[in-house]
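Colleague: pasted the sequence and its predicted model underneath.
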Amino acid sequence: MRPQRGQSRELLQAGIELIGSPAPQGTAEALTVLCHALDATGLKDYRVGLGDASLFPSLMGSLRVREEVRAGLLEALVLRDFVGLEEMLAESGLVGEAAELLLEVPQRRGGEEVLSDVPAPAEEAVEGLRLVHELLEPSVAARVIFDLGLVRNIGYYTGAVFDVYDPALGAPIGGGGRYDDLLGRFGRPLPAVGFALGVDRLHIALAGEERGTGALLASAAEQSPVTAGESTA
């Protein structure tokens, strides 16, 4: 994202990278560190959206979506633009059950019930989410919201991805995910997972909770334009 006039060109972030620990154990450990860190700051109302970066591409592949339209569909989903996604699906010529699946599955968000009755191409990703959830201690698991439409516009994410939300801020505080294939591109294949939090956004969320309001100035969040796709993790 190109900074706008008055926006900072530097972002202060805090996070971790866990190298060498595969899914689901490594993912559960990263989520546990994330929640314990946020608890230590005093943030109370946050939730962690948990999805899988491979789910939507797997659906598109199984439904034989043309390569030239996949990037546009993925970008619409990154922006949570379901109206645009529906229009692109229609323009691509996809109709019937295929179009319905690509529009309906990514809008599933909530508790474990959203993991039931998923189409076959999504089963592997969903099973991975179940395994991660089973490894979480209750206090951490209670923070998780499953989001089957959570994806990334950065190509190196391979599996579980997550964002941190708080009602006192109208944008993610931070996020992360798995990038198991990334290190292999540099000569040593190792599984990896990590996350980054926007420190400025975390301060804004804390201030909002202290004031008892969920409606902080949107401009304050825009001054610290951290999105999940921009995080260093």
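Modeller: Ah, there it is.
Colleague: CA only for contacts and neighbour counts going forward, please
Modeller: OK.
Colleague: next, count neighbours for Ala23.
Modeller: When neighbours are defined as other CA atoms under 10 Å, Ala23 has 20 of them.
Colleague: whoops, I mixed them up, Leu183
Modeller: 15.
Colleague: tell me the helix or strand right after the longest helix along the chain.
Modeller: For the chain, the helix with the greatest residue count under DSSP state H is helix 25-41. For helix 25-41, the succeeding helix or strand toward the C-terminus, using DSSP states H and E, is strand 47-52.
Colleague: how far out from the middle of the chain is that following strand?
Modeller: 6 Å (CA atoms, centre = their mean, to the nearest Å).
Colleague: what's the helix or strand that that strand is followed by packed up against?
Modeller: Once strand 47-52 ends, the next helix or strand along the chain (criterion: DSSP H and E) is helix 55-62. For helix 55-62, the packing partners by 3 or more CA pairs under 8 Å, 6 or more residues apart in numbering; DSSP states H and E come out as helix 67-78, helix 96-104.
Colleague: residues of stretch 48-61 that come out buried?
Modeller: Across stretch 48-61, burial judged by 16 or more other CA atoms under 10 Å covers 48-60.
Colleague: with stretch 197-209 instead?
Modeller: 197-202, 204-209.
Colleague: with stretch 121-140 instead?
Modeller: Under 16+ other CA under 10 Å, the buried positions of stretch 121-140 are 121-123, 125-126, 128-129, 132-133, 135-136, 140.
Colleague: which of these fall in helices?
Modeller: Of the buried residues of stretch 121-140, the ones assigned to helices by DSSP H are 123, 125-126, 128-129, 132-133, 135, 140.
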